[in-house]
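Novice: coords below, sequence missing:
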């Protein structure tokens, strides 16, 4: 039984392809998306496997060790009669929180919506965490909310991609930005610039418009396979691949319980979370195309005593 919880934030540093298999539209290899909202996500099974490998490497535990089995479970009998059993860590799907979009002023904006913020707030409160900011009021099409002193504004407008929005200054956006800077963006020194700048780049969009950006403003790359002898493109070996862009921010609910007594490792739920939090501030690789430098993400766990 899971008795403790936390949130894990994943900041995408290089374009991330968590694939869904063959595509049905104009993109051959699409990213994973929620069925109802079409928002991008990284499925919890992918995240769990990556955390398992990263924790094993961080601690120097051998594959099949009792500690790894206690945390993440055991799929089959290894011959000593131990059998299979479930782990005591359950990462949820990594959901979208901030999505970067090209801006006419300020280079790029971190976009979100009231719908996305409401889901994040619900997940955080369900995990027993305190969120001090309130949700903005719903927006009409063509409007956006920014903080005072936004770098995105051109007069009374904000222009994202080729779309213009009526700017509305809202103090609540500044409060959300400050909270994200203190709790969600990576806390290491190389991210000082990004934490200091989030208030001037954050924009809250109407729900339909945010969804459309997450559907149509991802990175799409055309790739080829070369024949080894001639170094020319092999016949039929050309495809398109979709990526979540760099600077995307995702979050995943993380549940933990005490270890099971079947494997001799006895950790409380708090101790289990501590074993996972060893990855706080580290980098790992998610999704495909590892050998081309794709999918590098920075991990940050939410402090139990959150920063306002």
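Specialist: Looks like it arrived, so ask away. Everything quoted here is computed from the prediction, not taken from an experiment.
Novice: following the worst-scoring helix or strand of the chain on mean pLDDT, which helix or strand comes up?
Specialist: Within the chain, no helix or strand scores below strand 19-22, which has a mean of 74 by mean pLDDT, DSSP states H and E. Next in sequence after strand 19-22, counting helices and strands by DSSP states H and E, comes strand 29-31.
Novice: helices and strands around the longest strand belonging to the chain, which ones?
Specialist: Counting residues, the longest strand found in the chain (DSSP state E) is strand 233-243. Packing contacts for strand 233-243, counted by 3 or more C-beta pairs under 8 Å, 6 or more residues apart in numbering; DSSP states H and E, involve strand 29-31, strand 219-226. Any C-beta I mention is one placed from the backbone N, CA and C, and that applies to glycine too.
Novice: Compare those strands and give me the one nearest residue 109.
Specialist: strand 219-226 (16.2 Å; C-beta to C-beta).
Novice: I'd like to know how far the closest residue to residue 253 other than its chain neighbours sits from residue 174.
Specialist: Among residues not flanking residue 253 along the chain, residue 92 sits closest, at 4.0 Å (C-beta to C-beta, 6 or more residues apart in numbering). According to C-beta to C-beta, to the nearest Å, residue 92 and residue 174 sit 29 Å apart.
Novice: repeat for residue 235
Specialist: Distance from residue 235 to residue 174, by C-beta to C-beta: 56 Å.
Novice: Can you tell me the closest non-neighbouring residue to residue 128?
Specialist: What sits nearest to residue 128 in space, not counting adjacent residues and going by C-beta to C-beta, 6+ apart, is residue 5, at 6.1 Å.
Novice: What does the pLDDT read for the one you found?
Specialist: Note for residue 5: predicted pLDDT of 91.
Novice: ditto for the one 4 residues further on
Specialist: Residue 9 carries a pLDDT score of 98 in this model.
Novice: Pretty sure residue 253 is one of the things it touches, is it not?
Specialist: No - using C-beta atoms under 8 Å, residue 9 is not in contact with residue 253, being 11.2 Å away.
Novice: Of the two, give the one with the bigger neighbour count.
Specialist: More crowded of residue 9 and residue 253, by other C-beta atoms under 10 Å: residue 9, with 24 against 21.
Novice: For the stretch 201-308 of the chain, which segments are assigned as helices?
Specialist: Taking DSSP state H, counting those that start in this stretch as the criterion, the stretch 201-308 of the chain contains helices spanning 207-216, 269-276.
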